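*Asks:* okay, predicted coordinates and the sequence, questions at the end:
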Number of protein chains: 2
Amino acid sequence: MASEFRNNPVRVSCHECPLRLRSHFRPFSSEELDFVSHFKRGELNADPGSTVLVEGSHSAHLYTVLQGWGFRYKILEDGRRQILNYVVPGDMVGLQGAVMSEMQHSVEALTPITLCVFERNRLFTLFQKHAGLAFDLTWLAAREESILDEHLLSIGRRTATERAAYLLAFLFERGRVAGLLDEERRHVPVTQMHVADTLGLSIVHTNKTLKKLAERGLIRWLDRGCEVLDPEGLQAVANWSPGDPKLRPFI
Amino acid sequence: MASEFRNNPVRVSCHECPLRLRSHFRPFSSEELDFVSHFKRGELNADPGSTVLVEGSHSAHLYTVLQGWGFRYKILEDGRRQILNYVVPGDMVGLQGAVMSEMQHSVEALTPITLCVFERNRLFTLFQKHAGLAFDLTWLAAREESILDEHLLSIGRRTATERAAYLLAFLFERGRVAGLLDEERRHVPVTQMHVADTLGLSIVHTNKTLKKLAERGLIRWLDRGCEVLDPEGLQAVANWSPGDPKLRPFI
DNA sequence: CGCAGATTTGATTGTTGTCAATGATAGTGG
DNA sequence: CCACTATCATTGACAACAATCAAATCTGCG
C-alpha cells in the first residue's frame, strides 16, 4: 500500500521515454523534449489501492501517467463516493491543483502505477517558452472535459444496462489505445465496486446489471476485473462510439 | 427565435468592455486588450430557446459570453437530453471545437444572450504571443472540469432533494458572481424541464422535489424560473459550498 | 378567446436500493 | 499446510424511490 517517490538520478530521460514511441502521441521537437526533461522532477510509484493525490491538498506537483491504471474520485462527508474518470498512460493529473489553488478531487491507483512528477511552479515557464506544449495542456483539458460530458450524459440519462455497457466500452477503448490490454486477455482491472461508484448505482444492482451483460456474451467477469468479449456489442447497447483516435499530445 | 450575427463596426472595443470592470475579473494589460480586440470578430445575439452551437458542427469560431444565461447539453438518439452545465458572462464557449475537431455538445440560450465571436484559426497566435492569455484559457478549462466533477458527484451520489438543492445553490452563486441577479428578485431563469434535464430526473419527480424545497422556505417557484430565498439553506441541504471566489480571467 | 408551454397532482408501474446471507478467493500468520 | 481474515462476488426478499400515464390548471400571448 506504500507509495514511493524516486528523485531518480538514473531515470530514463524523456528523450528515451518508451511511451513516446507509441503511435498515437504527436512527435515532440528536440527543444520540447529538453524542456520536459528539465521540467521533470522524478517519478512516483504507487501500489494498487494507494492514494496518489488527496482532495483539498495544495500539491507542489503535477503528474503524467507513465504506466498503469488509476482513477479520480470525490467523496461526500458520509462516505458516498463518485468515481469521476479513469487515468491511463499519457494522461495528465493534478492540473486543477496547479492552475487553481487546491485539488478538488483525489486520485487512487488501480494497478501498480508510475507517474512522472513535474514542478508546479515552473508551469508558467512552459507557457512562456513553449506555446506548443501550452496548447497541448489546453488540448488535454478540453478532452477531459468532453469525456466528463459523456459521463454526465451517461449517468443522467442512460439506463443501468446502457450505463454499464458504456463504461466498459469506454474503459476498453482507453485501455486499448494506451496499450494496457493484452490481445488475448482484454482485462480491465476494476472491481464491481468501482463500476458501481462510477455509474452511480448500488453494488448489488451493479452486480445484477453486469450479469445481464455477461449472459448476452458481451463480457465475462473475472477475479478482480472484466474481460471485454465484444466491444462493438457494448457500444451498440450503449448507443455510443469512440471518436476517431486523433494524434494526441503527451507531456 | 432568430439569432443575429453582427460584424459590428460600431461595437464597443474590448478596452471599454463593461464586463471587464467587474471586480472578479483579473486586470488585463493594454497589450493583452489590444490583442483580444484584434482577435474579436464581432458579436452574436441570440434569443431564448435558440441554439447557438450545434453538436457535431465544425465551427470556425470561439465565443465568450458577454450578457445573459445559456446552457450546454447533449442528446441521445431517442431524444433524451442531458444538460451539462450553464454559461454566464465571462465564460468561454466552443473551446472544445476549437482545440479538437468538432463540437461534442450543443449550446442554447436561456435568456437573450450576447457572445463575443473570436477567430478560431488565430488561437495558436494567442498561445505564441500571449502566454498569460494562454494560461487563462487553461485556467478556464480546468475550472470547467472541476464544475463537471461536482455535477457528476451530484447526479451520481446525491439524493433527488440534495441534487435539486445543489443545482439551485450553484446557479444562484454563478448568477450572483456574474452580476445577473437583482438583489430583490433573485431570479434564476430556468424551467423545471431544465432542472429535470440537469439532474437526470423526470419532469414529474422534479416538480415534486422542488415543491418540498419550496415548502421548507428555501425557494419560491415563479413563472419561468426560481427565486432563491435561502442560498445557505440550499447549500446545507446539498452539503456543498462554493469555493472562495478567486480572481478569474476573462478573455 | 384559444393556443402553447409550463406547472401541478394522483394513480400506477417499474427500477433501484437496502438488508441479509452465502460463496469464492487470496493473502496472512501460526 | 491450515485455520483465519478480508475482500469481492452473488443471490433472494422486500422497501423505497423515481418513471410513466393521465388529466387538470395556469400563464402569457397573439
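*Replies:* Sure, I can see it.
*Asks:* do any residues in the top helix by length along chain A lie close to DNA strand C?
*Replies:* Residue-count comparison of every helix in chain A, with assignments taken from DSSP state H, identifies helix A:131-157 as the longest. No. Interface with DNA strand C: helix A:131-157 contributes nothing (C-beta under 7 Å from any atom of the strand), its closest point being 10.4 Å away. (Glycine included, C-beta is placed from N, CA and C.)
*Asks:* please compute how far the helix or strand containing A:G97 lies from its chain's middle.
*Replies:* Per DSSP states H and E: A:G97 is located in helix A:95-99. Taking the mean C-alpha point of helix A:95-99 and that of its whole chain, the gap between them comes to 16 Å (C-alpha atoms, centre = their mean, to the nearest Å).
*Asks:* which residues does it contact?
*Replies:* Contacts with helix A:95-99, where a contact means C-beta atoms under 8 Å, 6 or more residues apart in numbering or on different chains, come from A:53, A:57-59, A:62, A:103-105, A:120, A:123, A:137, A:140-141, B:135, B:138-139, B:142-143, B:145-146.
*Asks:* returning to what we had before: average pLDDT across the longest helix of chain A?
*Replies:* When pLDDT is averaged along helix A:131-157, the result is 96.
*Asks:* pretty sure A:L171 contacts A:V188?
*Replies:* Yes. A:L171 is within contact range of A:V188, at 4.7 Å (criterion: C-beta atoms under 8 Å).
*Asks:* would you mind listing what in the stretch 151-251 of chain A touches DNA strand C?
*Replies:* By C-beta under 7 Å from any atom of the strand, the part of the stretch 151-251 of chain A that sits against DNA strand C consists of A:T159, A:A160, A:G200, A:L201, A:S202, A:V204, A:H205, A:T206, A:T209, A:D223.
*Asks:* filter those down to the ones near chain B?
*Replies:* With the criterion set as C-beta under 8 Å from any C-beta of the partner chain, the members of these near chain B are A:G200.
*Asks:* which of the contacts of helix A:95-99 are buried? Put it as a PyMOL command.
*Replies:* For selection in PyMOL, the members of those meeting the burial criterion (16 or more other C-beta atoms under 10 Å in any protein chain shown) are listed in this command:
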select buried, (chain A and resi 53+59+62+103+104+105+120+123+137+140+141) or (chain B and resi 135+138+139+142+143+145+146)
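*Asks:* coming back round to it: any shared contact partners between A:L171 and A:V188?
*Replies:* A:C226.
*Asks:* now the helices for the stretch 151-251 of chain A?
*Replies:* Remark: helices assigned in the stretch 151-251 of chain A by DSSP state H, counting those that start in this stretch are A:160-178, A:192-199, A:203-215, A:231-238.
*Asks:* and those as JSON lines, adding mean neighbour count?
*Replies:* Shown next, in JSON lines, are the helices of the stretch 151-251 of chain A (neighbours: other C-beta atoms under 10 Å in any protein chain shown):
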{"stretch": "helix A:160-178", "mean neighbour count": "22"}
{"stretch": "helix A:192-199", "mean neighbour count": "22"}
{"stretch": "helix A:203-215", "mean neighbour count": "16"}
{"stretch": "helix A:231-238", "mean neighbour count": "19"}
